[in-house]
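> sequence and predicted structure below; questions after.
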Amino acid sequence: MKIAVLIKQVPDTADDRKLTSSGAVDRSASDRVADEITERALEIALREKDADKSVEIVAVTMGPGTALEALRKALSMGADSAIQVVDDALAGADALTTARELAGAMQGAGFDLIVAGNESTDGRGGVVPAMVAELLGRPFLGSLDTVVIKLGTVSGQRQDAESVQQLTGALPAVISITESSAEARFPKFKGIMTAKRKPVAVVGAAVVGAAVVGAAVVGAAVAGAAGFGTAVTHANGNVVLSTTLRPARTAGLKLVDDGTAATQLADFLSAENLI
């Protein structure tokens, strides 16, 4: 079995998020880390490899040169090789462009299963895995809490506000997992050392953009977000005009019970529309 895992590098969630003047996340203002949800996706693949050493795992990402750090982390955890889509023209890419490039990078590589996190911690769009599945013409099982792979199928459970659903799809397929799935392992020293010798294929957007039927080739002729679908939204007026820092927390209301504390509390809750 050959498994691809979508890895994404994101600003460290331990840092305060900052925005650029255009309203985009300022990725240079924080440390960069591999998104935890994509490490959990990798853990799903690694457990299959633990059970069957013939399983091959390829970590795949789209991002600037620094995203190689996230791929090296995946390789140190146990992935066998990696693919990175790098192109300055992809700066500010929207979800559809991202999905097209990732699908193009994996098209024809013979992956039996593609595993992704259900949503990244920086964008939280949650649509890229489904888009990849659609572009590749594969079944999609989204937001799985559990994953079982056997007999040419992948299955698992997902939960919504009203029910628990059992999903099953035939391989090859695309799945996304939630934070309720497997907890990612830590890289071992041996893994960290061998990661430096594992192959990483670096490709440009023009190379992979045409690999998917109907996908536009994104190359040097496209200048940043101007060539993406998000530019249309901006043209319609939906654009960030300004940003301000979140105000610092202030002390809350402190009640001293002089016999009227219950009344004061009820009045406060009522004034805040909490009751």
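All right, it came through fine. Because the structure is a prediction, the values reported are computed rather than measured.

> which residues sit in contact with the one residue sitting closest to the centre of the chain?
By CA atoms, centre = their mean, the chain has its centre lying nearest to residue 120, at 3.5 Å. Applying CB atoms under 8 Å, 6 or more residues apart in numbering to residue 120 gives the contacts 8, 10, 35, 37-38. From N, CA and C alone the C-beta is placed, and that goes for glycine too.

> stretch 3-10: end-to-end distance?
For stretch 3-10, the first-to-last residue distance is 22 Å (CA to CA, to the nearest Å).

> re the thing from before, of the contacts of residue 120, which is the nearest to residue 156?
Nearest to residue 156 among those, counting by CB to CB, is residue 37 at 15.4 Å.

> now the strands for the protein?
2-6, 9-11, 32-34, 56-62, 81-85, 113-117, 140-144, 148-150, 153-159, 164-170, 173-177, 200-203 (DSSP state E).

> nearest to residue 241, out of the ones you listed?
That would be, of the strands of the chain and by CB to CB, strand 9-11, which comes in at 22.4 Å.

> which elements pack onto that closest one?
When contacts are defined as 3 or more CB pairs under 8 Å, 6 or more residues apart in numbering; DSSP states H and E, strand 9-11 packs onto strand 32-34.

> so how far is the strand it packs on off the chain centroid?
Offset of strand 32-34 from its chain centre (CA atoms, centre = their mean, to the nearest Å): 11 Å.

> my read is that residue 15 contacts residue 30, right?
Yes - Residue 15 lies in contact with residue 30 (CB atoms under 8 Å); the separation is 3.9 Å.

> pLDDT below threshold where in this protein?
Low-confidence segments of the chain (pLDDT under 70): 21-23, 206-240.

> show me where it has helices.
36-51, 68-77, 95-106, 128-136, 189-195, 205-208, 229-235, 261-271 (DSSP state H).

> burial check on the closest residue to residue 66 other than its chain neighbours, number of neighbours?
Nearest non-adjacent residue to residue 66, counting by CB to CB, 6 or more residues apart in numbering: residue 32, 5.8 Å away. Residues contacting residue 32 under the criterion other CB atoms under 10 Å number 16.

> who's in contact with residue 32?
Here residue 32 is in contact with 9-12, 66, 69-70 (CB under 8 Å, 6+ apart).

> ok, it to residue 14 distance?
12 Å (CB to CB, to the nearest Å).

> tell me what the residue nearest to residue 66 is bridged to.
residue 11 (DSSP bridges).

> and it, how close does it get to residue 131?
Here the criterion is CB to CB. By it, residue 32 lies 24 Å from residue 131.

> does residue 27 touch residue 11 like I think?
Yes - the pair residue 27 and residue 11 passes the contact test of CB under 8 Å, sitting 5.6 Å apart.

> those two: which has the busier surroundings?
Under the neighbour definition other CB under 10 Å, residue 27 and residue 11 were set side by side, and residue 11 has more, 21 against 17.

> mind listing what the more buried one touches?
Applying CB under 8 Å, 6+ apart, the residues near residue 11 are 17, 25, 27, 29-33, 122.

> columns distance to residue 186 on top of those, output as CSV?
Below are those laid out as CSV (distance: CB to CB, whole Å):
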residue, distance to residue 186
17, 26
25, 27
27, 25
29, 27
30, 22
31, 18
32, 19
33, 14
122, 23
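
> of those, buried ones?
27, 30, 32-33, 122 (16 or more other CB atoms under 10 Å).

> count the neighbours of residue 7 for me.
Using other CB under 10 Å: residue 7 sits among 28 other residues.
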